[in-house]
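In: Provide a 3D model corresponding to the input given below.
(2 chains)
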Number of protein chains: 2
Amino acid sequence: MDLPVYADVVKAHEIVQKYAHRTPVLSSSGINKMVGAELYFKCENFQKVGAFKFRGACNAVFSLSEAEAAHGVGTHSSGNHAAALALAASMRGIAAHIVMPINAPDIKKKAVAGYGANITFCKPTQEARESTLAAIIAETGATEIHPYNNFNVIAGQGTAAKELIEDKGEFDVILAPVGGGGLLSGTVIATKHLLPVCRVVAAEPAGADDAYRSFQTKTRVPSVEPKTIADGLLTSLGERNFAIILDKVDDIVTVSEENIVAAMRLIWERMKIIIEPSSAVPLAAILEKKVDVQNKKVGIILSGGNLDLGNLPF
Amino acid sequence: MDLPVYADVVKAHEIVQKYAHRTPVLSSSGINKMVGAELYFKCENFQKVGAFKFRGACNAVFSLSEAEAAHGVGTHSSGNHAAALALAASMRGIAAHIVMPINAPDIKKKAVAGYGANITFCKPTQEARESTLAAIIAETGATEIHPYNNFNVIAGQGTAAKELIEDKGEFDVILAPVGGGGLLSGTVIATKHLLPVCRVVAAEPAGADDAYRSFQTKTRVPSVEPKTIADGLLTSLGERNFAIILDKVDDIVTVSEENIVAAMRLIWERMKIIIEPSSAVPLAAILEKKVDVQNKKVGIILSGGNLDLGNLPF
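Out: Numbering: from 1, shown residues only, chains lettered A, B, ... in the order given. Predicted coordinates for the structure are as follows:
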């Protein structure tokens, strides 16, 4: 199994920094006082398409050879990865074939269509998604770009932590949410190379705790009927992602739905920025005291800011 | 009547930049494409206490002589000015006497108390607010700091436009919301000095259009039973503010409630930042085509980000 290392993150960054925003790192003296630590939030909610996903998609698309690129790229996704891949493909001027479940929210369908992707709708099952995509790939010769279990995607996601450390120096702990593990695996590769003694801790909703259980048992277990407001974290860990996480991550902790909402609201109210529930999971872990941050300098990757404003939990 | 000029804004900035955030200026390529202009948003929602008001309060508090300061400052306010004055006073280590109507929202009472102010509650009438404050000032010798009809407050508010122009260069138009006129009068003083040919246009809710009517009739008319979601813009124009506005502002336009909410939602969704309804009024004017911005470079002061997340209009 080919796994990226820090040199791949550096190579990815050469590509990503041409197309993505170097997002700001924000702090809140109010939140710092409340938790007794110095927190630095890397704002991927301000990234293109509103999520860190653009980094990985961008690296994957621009790492293709000319011959590969000519056939386009494909994926099945109803979320941020679809929009990210569509935008990256349009930037390179190649086709993006996106398979979406027919019941995906209209706003997501529109966003992906707005980036000029070819959308194929399918039944809302994993099997239908995979078989529909396989047929399209067989027909077009497009390269499949998996949302997280992909070498170049992982290396691309690692560029957020690289920028965070370049901008703010040393950290005692860096926290990221974990769903499929793309962001976490990229983050830990970058962090452990640049700051070998910095702890990397992942936070996961208790209602979708497959990464926690996989980490505890050292065996990748699937996410079965996950239930959480953090809709970016429903998926099971990827194979490559799990290998990297098991090797390098210091700890994975779980948090309650109540604290995800409380942490999200705290960031909205104090920092005046919009984050999606998945982004609030690391701060929720701090509020629950699942991570020791007392008097420490802590980096937190805010994964994105896409959510339905008409359906808020407060 | 003593009115500040640009030199007073420069003097204010020497004070303000020591205590306030130099807030970022953000853009959205999506919104730019939608409106056919290049918009730059000065993010006072990220300012201390969550609003531009901290600039004016800070300048007023730190412009006092030692002898004056020893007696503290006072104001009546249920909004951002109270919090701003309380924080500025605490930074100087002097007393802030804040008169608040007894029906002010709990969250605002707590915020002001949290900055260490002496709060006196009164009946929710203008008369009670004024007489209560007068009694406190007679007793303590505190200096009254009016929220907008105050020389140093106006000069302080002008520092936001000064920073915007320093950071982003020339503009064709700069837009600000108008309530009491503190932000608008400061903005126009700074802008017309630095960029004499730049237009300065104010936007006001149609449901609280006293500034529009005052500007049209060249006579200051009061705000009578104003009704708007933009709760920072309910007040009548101050005397000093009106004199400056009549002399220097190019135009005042009004917008509908519907477009204020649409503009607010657009900024939340596209820029992932939280602004209060008052901040959305200038973009609402662009959406209504009340201001000609086609192919122009436009600065917009986002006044603040304080609102009740439990009571959103969408």
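In: show me what stretch A:279-296 is in contact with.
Out: Applying Cβ atoms under 8 Å, 6 or more residues apart in numbering or on different chains, the external contacts of stretch A:279-296 come out as A:31, A:35-39, A:44-45, A:172-173, A:175-177, A:201, A:203-205, A:230, A:233, A:251, A:253-256, A:259-264, A:266-267, A:298, A:300-305. The C-beta positions use only the backbone N, C-alpha and C, and glycine is treated the same way.
In: in space, what's closest to A:L87 - neighbours in sequence excluded?
Out: A:Y115 (4.7 Å; Cβ to Cβ, 6 or more residues apart in numbering or on different chains).
In: list the contacts for that neighbour?
Out: Neighbours of A:Y115 in contact, by Cβ under 8 Å, 6+ apart: A:A83, A:A86, A:L87, A:A89, A:S90, A:A96.
In: recalculate using a threshold of 6 Å.
Out: A:A86, A:L87, A:S90 (Cβ atoms under 6 Å, 6 or more residues apart in numbering or on different chains).
In: ok so, going back, give me the buried subset of the contacts of stretch A:279-296.
Out: A:31, A:35, A:37-39, A:44-45, A:172-173, A:175-177, A:201, A:203-205, A:230, A:233, A:251, A:253-255, A:259-264, A:266-267, A:298, A:300-305 (16 or more other Cβ atoms under 10 Å in any protein chain shown).
In: thinking again about what came up before, how close does the residue nearest to A:L87 sit to A:A89?
Out: 8 Å (Cβ to Cβ, to the nearest Å).
In: near chain B too, which of the buried ones among the contacts of stretch A:279-296?
Out: A:N45, A:G305 (Cβ under 6 Å from any Cβ of the partner chain).
In: tell me which of the buried ones among the contacts of stretch A:279-296 fall in strands.
Out: A:38-39, A:173, A:175-177, A:201, A:203-205, A:251, A:253-255, A:298, A:300-302 (DSSP state E).
In: A:I244 is in what secondary structure piece?
Out: Per DSSP states H and E: A:I244 is located in helix A:239-248.
In: ignore what I typed, I meant A:K289.
Out: Going by DSSP H and E, A:K289 is not part of any helix or strand.
In: chain B contacts on the stretch 1-150 of chain A?
Out: A:N45, A:F46.
In: where does pLDDT dip in the stretch 1-150 of chain A?
Out: Judged by pLDDT under 70, the stretch 1-150 of chain A has no weakly predicted residues.
In: in it, what residue comes closest to chain B?
Out: A:N45 (4.6 Å; Cβ to the nearest Cβ).
In: name the nearest residue to that residue, sequence neighbours excluded.
Out: The nearest residue in space to A:N45 (Cβ to Cβ, 6+ apart) is A:G305, at 3.0 Å.
In: just A:M271 next, same as before
Out: A:S28 (5.0 Å).
In: these two touch, right, that neighbour and A:W268?
Out: No - applying Cβ atoms under 6 Å as the test, A:S28 and A:W268 come out as separate, 11.1 Å apart.
In: residues contacting stretch A:189-196, please?
Out: Residues contacting stretch A:189-196 (Cβ under 6 Å, 6+ apart): A:Y6, A:V9, A:G158, A:A161, A:K162, A:I165, A:E170, A:I174, A:C198, A:V200, A:K248.
In: scratch that, stretch A:145-162 is what I was asking about
Out: With Cβ under 6 Å, 6+ apart as the criterion, stretch A:145-162 contacts A:2, A:4, A:8-9, A:12-13, A:16, A:42, A:44, A:52, A:55-56, A:59-60, A:63, A:73, A:75, A:77, A:81, A:85, A:180-183, A:185-187, A:189-191, A:238-241, A:301.
In: so which of the residues you listed sit within helices?
Out: Counting by DSSP state H, the part of those found in helices is A:8-9, A:12-13, A:16, A:55-56, A:59-60, A:81, A:85, A:182-183, A:185-187, A:189-191, A:239-241.
In: may I see the ChimeraX selection of the buried members of those residues?
Out: Applied in ChimeraX, the following selects the buried portion of these according to 16+ other Cβ under 10 Å:
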select /A:8,9,12,13,16,55,56,59,60,81,85,182,183,185,186,187,189,190,191,240,241
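In: center of chain A - which residue?
Out: The C-alpha lying nearest the average C-alpha coordinate of chain A belongs to A:L183 (Cα atoms, centre = their mean; 4.3 Å).
In: for the closest residue to chain B within the stretch 151-300 of chain A, which non-adjacent residue is spatially closest?
Out: Using Cβ to the nearest Cβ, the closest approach of the stretch 151-300 of chain A to chain B is made by A:K272 at 3.7 Å. Excluding its sequence neighbours, the residue lying closest to A:K272 (Cβ to Cβ, 6+ apart) is B:G305, at 3.7 Å.
In: which parts of stretch A:159-177 are buried?
Out: A:159-165, A:171-177.
In: as CSV, the residues you listed with distance to B:V153 and pLDDT would be great.
Out: Formatted as CSV, the buried residues of stretch A:159-177 follow (distance: Cβ to Cβ, whole Å; pLDDT from 0 to 100):
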residue, distance to B:V153, pLDDT
A:T159, 44, 98
A:A160, 41, 98
A:A161, 43, 98
A:K162, 44, 98
A:E163, 39, 98
A:L164, 38, 98
A:I165, 41, 98
A:F171, 40, 98
A:D172, 42, 98
A:V173, 42, 98
A:I174, 42, 98
A:L175, 41, 98
A:A176, 43, 98
A:P177, 43, 98
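In: adding distance to A:V281, write those residues out as TSV.
Out: Converted to TSV, those look like this (distance: Cβ to Cβ, whole Å):
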residue	distance to A:V281
A:T159	21
A:A160	16
A:A161	16
A:K162	21
A:E163	21
A:L164	17
A:I165	21
A:F171	18
A:D172	19
A:V173	15
A:I174	14
A:L175	9
A:A176	9
A:P177	4
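In: now, the most widely separated pair of those?
Out: Farthest apart among those by Cβ to Cβ are A:T159 and A:D172. That separation is 21.5 Å.
In: about what we covered before: thought the residue of the stretch 151-300 of chain A closest to chain B was touching B:L307?
Out: No - with contacts counted by Cβ under 6 Å, A:K272 stays clear of B:L307, the gap being 9.8 Å.
In: hey, what's in contact with both of the two?
Out: What both A:K272 and B:L307 touch, as defined by Cβ under 6 Å, 6+ apart, is an empty set.
In: for the helix holding A:I244, give me every contacting residue.
Out: Residues contacting helix A:239-248 (Cβ under 6 Å, 6+ apart): A:L3, A:Y148, A:N149, A:G181, A:L184, A:S185, A:V188, A:K192, A:R220.
In: which SS class is the third one?
Out: I take that to be A:N149. Under DSSP: H, G, I helix; E, B strand; the rest coil, A:N149 falls in the coil class.
In: neighbours around the residue lying closest to it once chain neighbours are set aside, how many?
Out: Closest residue to A:N149 apart from its sequence neighbours, by Cβ to Cβ, 6+ apart: A:G238 at 2.9 Å. Counted by other Cβ atoms under 10 Å in any protein chain shown, the residues lying close to A:G238 total 23.
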